[in-house]
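>>> Could you work out the structure for the sequence below:
(2 chains)
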There are 2 protein chains.
Amino acid sequence: MSDRPVSSLPHVLIVGSGFAGLNCAQALKSVLVRVTLVDRVNFHLFQPLLYEVATAALGVDEIAVTTRLLFRRQRNLAVHMLTIETIDIAARCARTTEGHTIQYDWLVMAPGTVTDYFGHREWATHAPGLKTVEDAIAMRRRVLLGFEQAESELDRERRRAHLTFVIVGGGATGVELAGAIGEMKNFTLRHEFRAIDPADARILLLDAGERILPNFAPELSGRARGDLERLGVDVRTRTLVTDVGPDYIVAGDARIATSCVLWGAGTRGAPVLASLGLPLDRQGRVRVGADGTAQGHGEIFVVGDGAHFHDAASDAPLPGVAQVAIQMGRHAARCIADDLAGRPRQPFRYLDRGKLAVIGRGRAVCEIGPFKLAGLPAWLIWAFVHIMFLVGFRNRIVAMVEWARTYFFQHRGGRFIIGDR
Amino acid sequence: MSDRPVSSLPHVLIVGSGFAGLNCAQALKSVLVRVTLVDRVNFHLFQPLLYEVATAALGVDEIAVTTRLLFRRQRNLAVHMLTIETIDIAARCARTTEGHTIQYDWLVMAPGTVTDYFGHREWATHAPGLKTVEDAIAMRRRVLLGFEQAESELDRERRRAHLTFVIVGGGATGVELAGAIGEMKNFTLRHEFRAIDPADARILLLDAGERILPNFAPELSGRARGDLERLGVDVRTRTLVTDVGPDYIVAGDARIATSCVLWGAGTRGAPVLASLGLPLDRQGRVRVGADGTAQGHGEIFVVGDGAHFHDAASDAPLPGVAQVAIQMGRHAARCIADDLAGRPRQPFRYLDRGKLAVIGRGRAVCEIGPFKLAGLPAWLIWAFVHIMFLVGFRNRIVAMVEWARTYFFQHRGGRFIIGDR
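Now for the predicted structure:
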């Protein structure tokens, strides 16, 4: 890699192929730089639909695309499947766990976040988070096994534990998981079991705060809670989780027997961000200035969920959502182009296109500027946005065409490296 | 389960939801028995296309269907996701690893086979077989990682090892894997790498015997070998594998550096078959009589790959292919219906519909009775058979319809429990 003879063009190293890294890389297409895009996986993941993989509505293939395929025609870019271990900001180089050293002129850090258990890493074994494809497969496994084990279980108490699903965290992820499992038990699994009635399953959504979906207006939080309760979800706010074990969770005063705890509560900046040795906030995110770069290091951009960008309008850090990541990634690319052209950089300005959270079939909440929508209208917007995405992303009309393409055009859709490392 | 009050109907226990078990269960739909179908996984797998999952052409969702969904409307049948550990043929009951005891009146054993390393179980870590979904994902991982690691590798020797793919076994599985990797390196991955040319990859297909595809006529073996060689596969027959390590294989006189060894060489009857205490052949299969039952046990049918049924026509055991399994499964159901009706059982007769092996795009071999086909005509037959299957199996016309169904009809396509147990 860096030991090879390099072209004379300056070098941009992008760490992470999520929304931020991907959009930065694409925006550098016509800029006179060499770009290296590094990630520990070989694909880009459409994270907003990962909960659908976790609840068995979609396969991995439907929300992932291999990074190489995306950048096949971008000649100034090389993709490497490597894990960045540390960054040496003095020497301007990155070191990988595989032993490579990669020099850079600009560094774009877009490693995202990891699941945070608030100091209880031992809970991770019992309560998977939802950041990676492996997480989603682990969640799916737990949810489906709950119903399977209940069907074969004779003991009444244990059967009840297998049919108890606990979701920790009332943000968008927790609400989407709870809603999807609610629909599964009420509709999808109907008629499939003989000894149990899947509708008897209990779903608990726990949150330590005052209300679920705290980023939304209070009336939408209330509406979402009502929609979840109509699906049979037991929503418990102001409920702190104090212990998680292999077959139980302690929440507030209650010890709940369950074989399925799903964690949607917290995230923190990816560990590699700490290796920069720069100021981090309490969630391990790097504090960045007006142009999106780290303090005193105009050559280091931190973009996406791992960045703490103070938003003057809300007097809070920008949220960890796809729109922020996409816009920050593109802005970093523009700054690099400005540097090359000798133009001054522009400060980053976030254009808020609104927020959406889906609860179930025909049920969602949506906030666009002053407009607040719930129920079917919100869900139709959600469905439109995501169908458009899926159509564009996979660009497939007929499943058979996909299959035939393998033979006639040599396209292979399932090239995602998942499973044990 | 068996401890629950049971209906007065006699009970058929089917172990395994592959082709044999599934077809037996479906054929018992209108027979006056209770049926319990037990498998350690919750889905039926279309095994003949598993090599396409291993070589990234298809996703798991496209070749698997949940057993519960298939049997939703068959009221005399219950599905349980359990692992049978031992059978007590004297007490006529099965015991599961989960601690259940299941009584039966008839037992239909359809557990299939497992990969056999000819006494070298330590090779399993380095050379995955292709029997399960997890196997296919492990194979895919190794193949794709080979190219990824080569792209980032500076050392010439190690790069060459990463680009060396060794397939052991020249039966249909080995030929299909070698052909698919050949197409991948020549076509699919073209233009996606910067430091390597995927076409430089070496593919070796090793077999200890005289020729590949030994079940086919010699001229078709020769044709398949030629087709593979045109794809750049180095076919080595009369080559015995004597050692497999983490980064090498010893075959004949050669020690070959490689990070990807795929095992398609041998299978043996699933271990649970040995717990019957009945005569097994050298490959761990149960020897069955003319009606498909074990010697002295008219109530125990062994069907599919785990059965050794002597075929008078060929003076050999019937091969472990889908057609044999389907026909044996249905025959066992007919015998049970005959028993109930007080009719004598009919002996099992295999109707050979022919055999097919695919090498690549437009290349296959096919043998139907006296007719021998190769090249495009054989491939068109193969494609027709498998497209018909895929269309029927998944019954989906448009990918978007699939996705919309999740919301409107509550169907979920991806309910396969995979990953670590």
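>>> So which residues of the stretch 251-400 of chain A form strands?
A:254-257, A:260-263, A:267-269, A:286-288, A:293-294, A:297-302, A:307-311, A:316-317, A:355-360, A:363-368, A:371-374 (DSSP state E, counting those that start in this stretch).
>>> same deal with the stretch 51-200 of chain A?
A:64-66, A:77-81, A:84-88, A:93-96, A:101-103, A:106-109, A:113-115, A:164-168.
>>> ok, of the ones you listed, where does mean pLDDT dip lowest?
Lowest mean pLDDT of the strands of the stretch 51-200 of chain A: strand A:64-66, a mean of 83.
>>> before we move on, back to that, chain B is nearest to which of the strands of the stretch 51-200 of chain A?
Among these, the nearest to chain B by C-beta to the nearest C-beta is strand A:77-81 (4.2 Å). Using the backbone N, CA and C atoms, a C-beta is placed for each residue, glycine as well.
>>> partners of the closest one in the sheet?
Sheet pairing of strand A:77-81 (DSSP bridges) gives strand A:34-39 (parallel).
>>> which other residues reach the partner strand?
Strand A:34-39 is contacted by residues A:1, A:6-7, A:9-17, A:21-22, A:25, A:28, A:67, A:71, A:74, A:76-82, A:84, A:94, A:96, A:102, A:104 when judged by C-beta atoms under 8 Å, 6 or more residues apart in numbering or on different chains.
>>> Out of the residues you listed, which sit inside helices?
Counting by DSSP state H, those place A:21-22, A:25, A:67 in helices.
>>> Chain B: which of the residues you listed is nearest?
A:Thr67 (9.4 Å).
>>> Please work out how many residues are found near that closest one.
Close neighbours of A:Thr67, defined as other C-beta atoms under 10 Å in any protein chain shown, add up to 24.
>>> Indicate the residue of the stretch 101-250 of chain A located nearest to chain B.
The minimum distance from the stretch 101-250 of chain A to chain B, using C-beta to the nearest C-beta, falls at A:Phe187 (3.7 Å).
>>> what about that residue, distance to A:Ala180?
Distance, A:Phe187 to A:Ala180, using C-beta to C-beta, to the nearest Å: 11 Å.
>>> So which of the two has more stuff around it?
Shown here are A:Phe187 and A:Ala180; by other C-beta under 10 Å, A:Ala180 has more neighbours (25 against 17).
>>> so that one sits right up against A:Glu52, yeah?
Yes: counting by C-beta atoms under 8 Å, A:Glu52 is a contact partner of A:Ala180 at 7.1 Å.
>>> Can you report phi and psi for the spatially closest residue to A:Phe371 that is not a sequence neighbour?
The shortest distance from A:Phe371 to any non-neighbouring residue, by C-beta to C-beta, 6 or more residues apart in numbering or on different chains, is to A:Gly354 (7.9 Å). In terms of degrees, to the nearest 10, the main-chain angles of A:Gly354 are phi 110, psi 170.
>>> Can you report how many residues neighbour the residue nearest to A:Ala265 when sequence neighbours are not counted?
The shortest distance from A:Ala265 to any non-neighbouring residue, by C-beta to C-beta, 6+ apart, is to A:Gly169 (3.4 Å). Counted by other C-beta under 10 Å, the residues lying close to A:Gly169 total 25.
>>> What values do phi and psi take at A:Gly169?
For A:Gly169, the backbone dihedrals (degrees, to the nearest 10) come out as phi 110, psi 120.
>>> can you pull the contacts of the closest residue to A:Gly16 other than its chain neighbours?
Nearest residue to A:Gly16, sequence neighbours excluded (C-beta to C-beta, 6+ apart): A:Ala110, at 3.7 Å. By C-beta under 8 Å, 6+ apart, A:Ala110 lies in contact with A:14-18, A:20-21, A:24, A:302-304, A:306, A:325, A:329.
>>> biggest separation within these, which pair?
A:Ser17 and A:Val302 (15.6 Å; C-beta to C-beta).
>>> helices and strands of chain A: which one has the lowest mean pLDDT?
When the helices and strands of chain A are scored by mean pLDDT, DSSP states H and E, helix A:399-408 comes last with a mean of 43.
>>> residues contacting the residue nearest in space to the middle of chain A?
Central residue of chain A (C-alpha atoms, centre = their mean): A:Gln47, 4.1 Å from the mean position. Contacts for A:Gln47 were tallied using C-beta under 8 Å, 6+ apart; they are A:18-19, A:322.
>>> Report the separation between it and A:Trp263.
Taken as C-beta to C-beta, the span from A:Gln47 to A:Trp263 is 16 Å.
>>> and what of A:Gly146?
A:Gly146 sits at a distance of 16 Å from A:Trp263 (criterion: C-beta to C-beta).
>>> Tell me which of these two has more neighbours.
A:Trp263 (27 against 22).
>>> how about the nearest residue to the more buried one, chain neighbours excluded?
Distances taken as C-beta to C-beta, 6+ apart place A:Ala127 nearest to A:Trp263, at 4.2 Å, with adjacent residues excluded.
>>> I'd assumed A:Val261 was in contact with that neighbour.
Yes: using C-beta under 8 Å, A:Ala127 is in contact with A:Val261, at 4.0 Å.
>>> if I look at these two, which residues touch both of them?
A:168, A:244, A:249.
>>> Most neighbours of all those residues, which one?
A:Val168 (26 neighbours).
>>> Does anything pack onto the helix or strand where A:Ile203 lies? Which helices or strands?
Using DSSP states H and E, A:Ile203 sits in strand A:202-206. Strand A:202-206 is packed against strand A:164-168, helix A:172-183, strand A:233-236, with contacts defined by 3 or more C-beta pairs under 8 Å, 6 or more residues apart in numbering or on different chains; DSSP states H and E.
>>> And for the closest residue to A:Arg363 other than its chain neighbours, the neighbour number?
Distances taken as C-beta to C-beta, 6+ apart put A:Asp227 closest to A:Arg363, at 4.6 Å, once the chain neighbours are dropped. Residues near A:Asp227, counting by other C-beta under 10 Å, number 22.
>>> my read is A:Asp227 is in a helix, agree?
Yes: counting by DSSP: H, G, I helix; E, B strand; the rest coil, A:Asp227 falls inside a helix.
>>> Could you give me the buried positions within stretch A:103-123?
Neighbour-count burial for stretch A:103-123 flags A:103-104, A:106-117, A:123 (criterion: 16 or more other C-beta atoms under 10 Å in any protein chain shown).
>>> what about that stretch, start to end distance?
38 Å (C-alpha to C-alpha, to the nearest Å).
>>> Ok, stretch A:197-206 next?
Stretch A:197-206 has an end-to-end distance of 24 Å (C-alpha to C-alpha).
>>> tell me the mean pLDDT over it?
pLDDT averaged over stretch A:197-206 gives 97.
>>> from the chain's centre, how far out does it sit?
Distance, stretch centre to chain centre, for stretch A:197-206: 25 Å (C-alpha atoms, centre = their mean, to the nearest Å).
>>> was I right about A:Leu340 contacting A:Leu32?
Yes: between A:Leu340 and A:Leu32 there is a contact under C-beta under 8 Å: 6.3 Å.
>>> And these two? Which one has more around it.
A:Leu340 (14 against 11).
>>> Can you give me the distance of the more buried one to A:Arg330?
For A:Leu340, the distance to A:Arg330 - C-beta to C-beta - is 16 Å.
>>> same deal with A:Gly320?
Distance from A:Gly320 to A:Arg330, by C-beta to C-beta: 17 Å.
>>> A:Cys366 now?
To A:Arg330, A:Cys366 is 24 Å away according to C-beta to C-beta.
>>> More neighbours: those two, which one.
Set A:Cys366 next to A:Arg330 and count neighbours by other C-beta under 10 Å: A:Cys366 wins out with 23 against 18.
>>> So what sits opposite that one in the bridge?
A:Leu356, A:Leu373.
>>> can you tell me which residues contact it?
Neighbouring residues of A:Cys366 by C-beta under 8 Å, 6+ apart: A:220, A:354-357, A:372-374, A:377-378, A:381-382.
>>> A:Trp382 contacts A:Ala364, doesn't it?
Yes: assessed by C-beta under 8 Å, A:Trp382 is found in contact with A:Ala364 at 4.5 Å.
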